[in-house]
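[1] Give me the fold of what follows.
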Amino acid sequence: MGGILVDLAPIRRDRDYRLLWAGQVVSGIGNNVTRIALPYQVYVLTHSAVAIGVLTAVQLVPILAFSLGGGAIADAVDRRRLLLITAVGLALTSLVLVALSLVPSPPLAAIYAVAFVAASLGAVDQPARSSAVPRLVPAERLPAAIALNQLNFQTAAVIGPAIGGIVIAVAGLPAAYGLDVLSFGAAVASLVGIAPLPPLGEVARPGIAAVREGLRFAMDRRVILSTFAIDLDAMIFGMPTSLFPILALDTFHAGAEGVGLLAAAPAAGAFLGALLSGWVSRVRRTGRAVAVAVAMWGLAITGFGLATFSLPLAVVLLGLAGAADVLSAVFRGTIVQLETPDALRGRVTALHLLVVTSGPRLGDLEAAGVASVVGAQASVVSGGLLCIAGILVVVRRFPELLAHVSRAVPERAGAPSAAASP
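    Modelled structure (predicted):
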């Protein structure tokens, strides 16, 4: 099992990565507690689905608007210091939410404002956090580190909401938000123990010119561009999340429980995929691995669309899709990080995060739009098949993807390579 279970070498051998990962385990759970507490509070106050939709928009807009700028900042300053600032800022936003939850009827605008600020800080935090990882582990352990990050993310996504629901039911919203405040304490403590991560080589001043430089690099580096294209292909054509209620209620006749099963299946599959990812560090043809993983996703989604006669089979196929998705994420992340010099990693990582964030939402729109014309089942099946066809288009347009072999690109002049920490 040692070669199958997730590779723990980055945790065992790279001290600073171990600290970053451990802090993120705790703060990630706290983040997911707040992720369910906020819409719960908004709905209790308003009993309005529209109000929850506004909350979602308020949280999405800063990610789309500020991520590229956040990446430019991450390339220009000490990333450890930047992560400390964002962690403290996020803790303060959760502290404000504690105060607002103690008020009998807090103004909705205040909750939206806090959510906007928190999302804006997250737009800076995420590129800095992701681009720090290649500085903390050597290149040969980077796939394992990215797989561990995926396991961390999936674990927090499962455990956090469960804890949040219990805490809200037993102790109320102030306790839930307070738990998030405490979780950021773990993040801050872990970051304090990490060595500084100053910029390597020439520093680009944050601004429009720096953002353009990052965009230009990503567009010119065709193998990076190919990872964006193949992910958008999978998410736009093969993301049927918005159709789960229709399929659960009208096709499987499984009620709300069926909606929950369909929604949970990809996450469960992604968790298992990350848990059983011990072999990913041995893969050198990472571009081919991306194409295979996305093909598995497309086939699983197509099978899900055809499995209308069996809810258990549909759930299993969605689980397989989730496992394929997390493997695609590991290999795509490895390509992006290894192909990007450290001086540009924040900006390119921010662009990568924009693709990952926008793709599923575009997929929801595509699936719903097609379903309104031909029905939910046909929408899912056609989307899965189009995803597979899209892979052929991407690899033909970008032959660099299938040819890619994992390697670390040279850093800019004078930049030291990543090395294992004691």
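[2] In terms of helices and strands, where is the residue nearest to residue 108 when sequence neighbours are not counted?
    Spatial nearest neighbour of residue 108, excluding adjacent residues (CB to CB, 6 or more residues apart in numbering): residue 45 at 6.3 Å. To be clear about C-beta, it is placed using only N, CA and C from the backbone, and glycine gets the same treatment. Per DSSP states H and E: residue 45 is located in helix 15-46.
[3] buried ones in whatever helix or strand comes next after that helix?
    Counting by DSSP H and E, the next helix or strand C-terminal to helix 15-46 is helix 49-76. Within helix 49-76, the residues that count as buried by 16 or more other CB atoms under 10 Å are 51, 54-55, 58-59, 62-63, 66-76.
[4] circling back: wouldn't the residue nearest to residue 108 be in contact with residue 105 here?
    Yes: contact between residue 45 and residue 105 holds when scored by CB atoms under 8 Å: they sit 7.1 Å apart.
[5] one step back: same question for the helix holding residue 45: list its buried residues.
    For helix 15-46, a neighbour-count test (16+ other CB under 10 Å) marks 15-42 as buried.
[6] Residue 45 versus the residue in the chain sticking out farthest from the centre, what's the distance?
    No residue in the chain sits farther from the centre than residue 104, which is 34.6 Å out by CA atoms, centre = their mean. Applying CB to CB, to the nearest Å, the value for residue 104 to residue 45 is 10 Å.
[7] And the average pLDDT for the host helix or strand of residue 84 is what?
    Element membership of residue 84 [criterion: DSSP H and E] is helix 79-102. Per-region confidence: helix 79-102 scores 97 on mean pLDDT.
[8] So which elements touch the next helix or strand after it?
    Per DSSP H and E, helix 79-102 leads on to helix 108-136 as the next helix or strand towards the C-terminus. Counting contacts by 3 or more CB pairs under 8 Å, 6 or more residues apart in numbering; DSSP states H and E, helix 108-136 packs against helix 15-46, helix 49-76, helix 79-102, helix 142-171, helix 311-338, helix 342-374.
[9] buried sites along helix 108-136?
    Buried positions in helix 108-136, judged by neighbour count with 16+ other CB under 10 Å: 108, 111-112, 114-136.
[10] between it and helix 311-338, how many degrees?
    Per axes from the mean of the first three to the mean of the last three CA atoms, to 10 degrees, the angle that helix 108-136 makes with helix 311-338 is 60 degrees.
[11] before we move on, back to that, switch the helices and strands packed on helix 108-136 over to a markdown table; also include distance to residue 198.
    Below are the helices and strands packed on helix 108-136 laid out as a markdown table (distance: least, CB to CB, whole Å):
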| stretch | distance to residue 198 |
| --- | --- |
| helix 15-46 | 14 |
| helix 49-76 | 10 |
| helix 79-102 | 8 |
| helix 142-171 | 20 |
| helix 311-338 | 18 |
| helix 342-374 | 10 |
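[12] Ok, which of the ones you listed comes nearest residue 268?
    Nearest to residue 268 among the helices and strands packed on helix 108-136 is helix 311-338 (5.6 Å), distances taken as CB to CB.
[13] Can you give me the pLDDT of the residue nearest to residue 96 when sequence neighbours are not counted?
    Nearest residue to residue 96, sequence neighbours excluded (CB to CB, 6+ apart): residue 114, at 5.2 Å. Predicted confidence (pLDDT) for residue 114: 97.
[14] and the gap between residue 114 and residue 146?
    Going from residue 114 to residue 146 by CB to CB gives 31 Å.
[15] Can you check the distance spanned by stretch 212-230, start to finish?
    Distance between the two ends of stretch 212-230: 23 Å, counting by CA to CA, to the nearest Å.
[16] quick one: contacts for the residue nearest to residue 34 when sequence neighbours are not counted?
    Closest residue to residue 34 apart from its sequence neighbours, by CB to CB, 6+ apart: residue 180 at 4.6 Å. Applying CB atoms under 8 Å, 6 or more residues apart in numbering to residue 180 gives the contacts 30, 31, 33, 34, 37, 91, 94, 97.
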